[in-house]
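Asks: fold the following, please.
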Amino acid sequence: FPTANSYPAICADILSDAIACIGFSWIATPACTELEVLMMDWLAKILNLPDFYLASSVGQGGGVIQGTASESVLVTLLSARNKTIQEVKTKHPDWTDHEIRSKLVAYCSEQAHSCFERATLLAPVRCHKVAVDEKYSLRGLKLSEAIEDDKKNGLIPFFVCATLGTTSICSYDNVQEIGPICRDENLWLHIDAAYAGSAFICPELRPYLDGVEFSDSFNFNPHKWLLVNFDCSALWVKNRSYLVDSFNVDPIYLKHENQNVAPDFRHWQIPLGRRFRSLKLWFVMRLFGVKGLQSYIRKHVALAKYFESLVAKDDRFEIIGEVTMGLVCFRLKGSNELNENLLKQITQDAKIYMVPSKINDVYFIRFAVCASSSEQRHIDFAWENILKNAEFILNSLKL
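Replies: Residues are numbered from 1 along each chain as shown. A predicted model of the protein is given here:
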């Protein structure tokens, strides 16, 4: 998916660069920390996330801005790993950290983003990819079977990453089925909604978020679809102490007298230094407002539906998967090689750019409506270009 941008976000980044703060702690830049706490609560309320994710609630939750969804997934995986190691040690005090870590298993669907597999390599823990159903969704039964099989083999399940809006085809794991399993098995449930999460500001699209109350952490990328330019990945955790306990390294030159009063976000992330990223969230939300952002999302969904209708009218093409957001997956009816040649020809024509994906050995092309200035005329232009190149490829086969 492309990254988003807007005039307010660009201005905010310019101002952030001018301020030149390194917001690793409250004392370094109080405004940087306090605005981030406030903006993450604003964003959580717009998404209608559970109250336990709010810093202003009575619980232990809170939000933090990471650089990318990859960082968000890695941070939560490491926190869950350390939490589980401590829990296992209470039952098996003679086991070493290495012995426990070698038994830990994290689960995701076959359609999960590659960043999850990379996170398990860095942790390092085992990665178990679970088969999906006909709608490319991870279901509770398949997850339960995978967990039971691993437990029989002496392994320790500890983490599940559910995806809402997969990169390949924008499918949704069934969190309502997965959530109770994670609760009963004491597994950390993380929801990665990197792309689709922005759309949950619209009430009519929020049903895809059902089951979020079972989650322990949740992330999405405003820099993908919420008019905020890169980098800005929003992460919320139900219990922030697990992050702080995992990443707390506190040399004397970073200590200050307000450490126990305000959050020091250096304990919530991999890097030490951090940019004033909350400034662009504030600018965008203040200048566009909730209704303006909702209108922007709805327009892109409508444009994707319009493109879907154009594809459906031509019986040489077929739609792959269901169009629910701003992504349309399609292909020419025929072989994978035919579609590879089509995309290669479109790319060489250099008028539009799309990327492919493949599921169950079926190669298809992804058309993503994400540009902030997208209009119907751009969709028409893209479709005309696709048709022109498709006719070139099909005619070349007749020669």
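Asks: hey, let's count contacts and neighbours off CA atoms from now on
Replies: Noted.
Asks: can you show me the helices along the stretch 101-250 of the chain?
Replies: 114-122, 140-152, 175-185, 222-225, 241-247 (DSSP state H, counting those that start in this stretch).
Asks: most packed of those?
Replies: Sort these by mean neighbour count, taking mean count of other CA atoms under 10 Å, and helix 222-225 sits at the top with a mean of 27.
Asks: quick check: which helices or strands does that one pack against?
Replies: Counting contacts by 3 or more CA pairs under 8 Å, 6 or more residues apart in numbering; DSSP states H and E, helix 222-225 packs against strand 233-237.
Asks: Asn389 contacts Leu342, doesn't it?
Replies: Yes: the pair Asn389 / Leu342 is scored as a contact, 6.7 Å apart, by CA atoms under 8 Å.
Asks: so which helix or strand of the chain has the lowest pLDDT on average?
Replies: Using mean pLDDT, DSSP states H and E, the weakest-scoring helix or strand in the chain turns out to be helix 241-247, at a mean of 80.
Asks: could I get the helices of the stretch 101-250 of the chain as CSV with distance to Asp17?
Replies: Output for the helices of the stretch 101-250 of the chain, formatted as CSV (distance: least, CA to CA, whole Å):
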stretch, distance to Asp17
helix 114-122, 28
helix 140-152, 45
helix 175-185, 39
helix 222-225, 18
helix 241-247, 27
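Asks: and of these, who's closest to Tyr363?
Replies: With CA to CA as the criterion, Tyr363 lies closest to helix 114-122 of the helices of the stretch 101-250 of the chain, at 17.9 Å.
Asks: for Pro222, give its distance to Glu117.
Replies: 23 Å (CA to CA, to the nearest Å).
Asks: picking up where we left off before, what does the least confident helix or strand of the chain contact?
Replies: Gln60, Val75, Thr76, Leu78, Ser79, Ala80, Asn82, Lys83, His267, Trp268, Gln269, Ile270 (CA atoms under 8 Å, 6 or more residues apart in numbering).
Asks: picking up where we left off before, which among the helices of the stretch 101-250 of the chain is found nearest to Glu134?
Replies: helix 140-152 (12.7 Å).
Asks: residues touching the closest one, excluding its own?
Replies: Residues outside helix 140-152 that contact it (CA under 8 Å, 6+ apart): Val105, Val130, Ala131, Val132, Ile156, Pro157, Asn174, Glu177, Ile178, Ile181.
Asks: enumerate every residue touching the closest residue to the third one other than its chain neighbours.
Replies: Among residues not flanking Ala131 along the chain, Glu110 sits closest, at 5.7 Å (CA to CA, 6 or more residues apart in numbering). Taking CA under 8 Å, 6+ apart as the contact definition, Glu110 lies against Lys129, Val130, Ala131, Val132.
Asks: returning to what we had before: from the contacts of helix 140-152, pick the one nearest Asp314.
Replies: Distance to Asp314 across the contacts of helix 140-152 (CA to CA) is lowest for Val132, with 29.6 Å.
Asks: what's the local residue count around the closest residue to that closest one other than its chain neighbours?
Replies: For Val132, ignoring the flanking residues on the chain, the nearest one in space by CA to CA, 6+ apart is Leu138 at 4.7 Å. The number of residues packed near Leu138 is 28, by other CA atoms under 10 Å.
Asks: report the contact partners of Leu138.
Replies: Applying CA under 8 Å, 6+ apart to Leu138 gives the contacts Cys108, Ser109, Val130, Ala131, Val132, Ala162, Tyr172, Asp173, Asn174.
Asks: turn those residues into TSV, columns for pLDDT, neighbour count and distance to Phe214.
Replies: TSV is the format used below for the contacts of Leu138 (pLDDT from 0 to 100; neighbours: other CA atoms under 10 Å; distance: CA to CA, whole Å):
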residue	pLDDT	neighbour count	distance to Phe214
Cys108	95	24	16
Ser109	94	23	18
Val130	95	20	20
Ala131	93	17	21
Val132	93	17	20
Ala162	96	28	11
Tyr172	95	22	16
Asp173	95	28	13
Asn174	96	19	12
